[in-house]
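[1] What follows is a predicted protein model with its sequence.
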Amino acid sequence: MTEQANVNGTAESGRVALVTGGNRGIGRAIAEDLIAAGYRVAVTSRSGEGGPEGALTVAADVTDAASIDAAFSQIEAELGTVEVVVANAGVTKDTLLLRMSEEDFTDVIDTNLTGAFRVIKRASKGMLKARFGRVVLISSVVGLYGSPGQINYSSSKAGLVGMARSLTRELGGRGITANVVAPGFIETEMTAVLPEATQKQYLETIPAGRFGRVDEIAKTVRWLASDDAAYVSGAVIPVDGGLGMGH
């Protein structure tokens, strides 16, 4: 594969990157940006379909370790060892605490937090052998800032911070970095369907006065995956227009 310039103008060497939940929204934008930068990209979706052009799309359910192992085996056979992992797959089951069932809580934790653990654990085998790896966990501003009706989701996203920092202390000496990107309100299908009054209410809380774009998340992830960020690990980078600053 021909090397292409990354976000800072240096060349990447066709490294293999995996984006979970890369078939839509932020995950898809991240995958497309990595493809444009010269990475060999695989994405997971539950159906094994719907990934962006130029990506290897594999079926995987992050709540099933056997499914993840099979996906990695396919990626390794077709592309090589996964060197960059972007743990993006996630779900929401929003409701107020007194209405939230235990299943609502555990399902979100199992996908968003334990799912990331399963993916990273499987990826770490190849990274340790290669003595190189980039782990990027897609969290959320609500993981730091909090949000009513999202105790399950915010807990899962806050947990990713501890995961990245523990990974850094455990594997940092092996050339492996682990960082967190915490998006704020981003223009996606989910925000597009919000009532106009709700969108206005959200916008009033964002110092930048606008929703973010998926490409702004993607470019941040691409930088963290690059050699330019080799000495950045255990960091939480908010991409939220200032919404959660100080948290």
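    Everything's here; your move.
[2] got the residue ranges for the strands in the protein?
    Per DSSP state E, the chain has strands spanning 16-19, 40-45, 56-59, 84-87, 133-138, 176-183, 236-239. These are given in chain order.
[3] Dump those to CSV, plus mean pLDDT.
    What follows is the strands of the chain, written out as CSV (pLDDT from 0 to 100):
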stretch, mean pLDDT
strand 16-19, 98
strand 40-45, 98
strand 56-59, 98
strand 84-87, 98
strand 133-138, 98
strand 176-183, 98
strand 236-239, 98
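[4] Enumerate every residue touching the nearest residue to residue 107 once chain neighbours are set aside.
    Closest residue in space to residue 107, ignoring its immediate chain neighbours: residue 93 at 6.2 Å, by Cβ to Cβ, 6 or more residues apart in numbering. Where C-beta positions appear, they are placed from N, C-alpha and C, glycine not excepted. By Cβ atoms under 8 Å, 6 or more residues apart in numbering, the residues touching residue 93 are 100, 104, 107, 108, 152, 153.
[5] Check residue 123 too.
    18, 72, 82, 85, 133, 135.
[6] isn't the second one right up against residue 80?
    No: in terms of Cβ atoms under 8 Å, residue 72 does not count as a neighbour of residue 80; the distance is 11.3 Å.
[7] Those two: who's more crowded?
    Neighbours were counted for residue 72 and for residue 80 using other Cβ atoms under 10 Å; residue 72 has more, 23 against 14.
[8] Need the per-residue pLDDT for that one.
    Listed pLDDT for residue 72 reads 98.
[9] can you check residue 3 too?
    39.
[10] Which helix or strand in this protein has the lowest average pLDDT?
    Sorting the helices and strands of the chain by mean pLDDT, DSSP states H and E puts helix 189-192 at the bottom, at a mean of 73.
[11] ranges for the helices of this protein?
    Taking DSSP state H as the criterion, the chain contains helices spanning 25-36, 65-78, 102-109, 115-130, 142-145, 151-171, 189-192, 196-204, 214-225.
[12] list the helices and strands the longest one packs on?
    Contact here means 3 or more Cβ pairs under 8 Å, 6 or more residues apart in numbering; DSSP states H and E; on that basis helix 151-171 packs against helix 102-109, helix 115-130, strand 133-138, helix 142-145, strand 176-183.
[13] rerun that using 6 Å as the cut-off
    With contacts taken as 3 or more Cβ pairs under 6 Å, 6 or more residues apart in numbering; DSSP states H and E, helix 151-171 sits against helix 102-109, helix 142-145, strand 176-183.
[14] Also the last one?
    Helix 214-225 is packed against helix 25-36, strand 133-138, strand 176-183, strand 236-239, with contacts defined by 3+ Cβ pairs under 6 Å, 6+ apart.
[15] just the second one next, same as before
    Helix 65-78 is packed against strand 56-59, helix 115-130, with contacts defined by 3+ Cβ pairs under 6 Å, 6+ apart.
[16] I appreciate the help and will end here.
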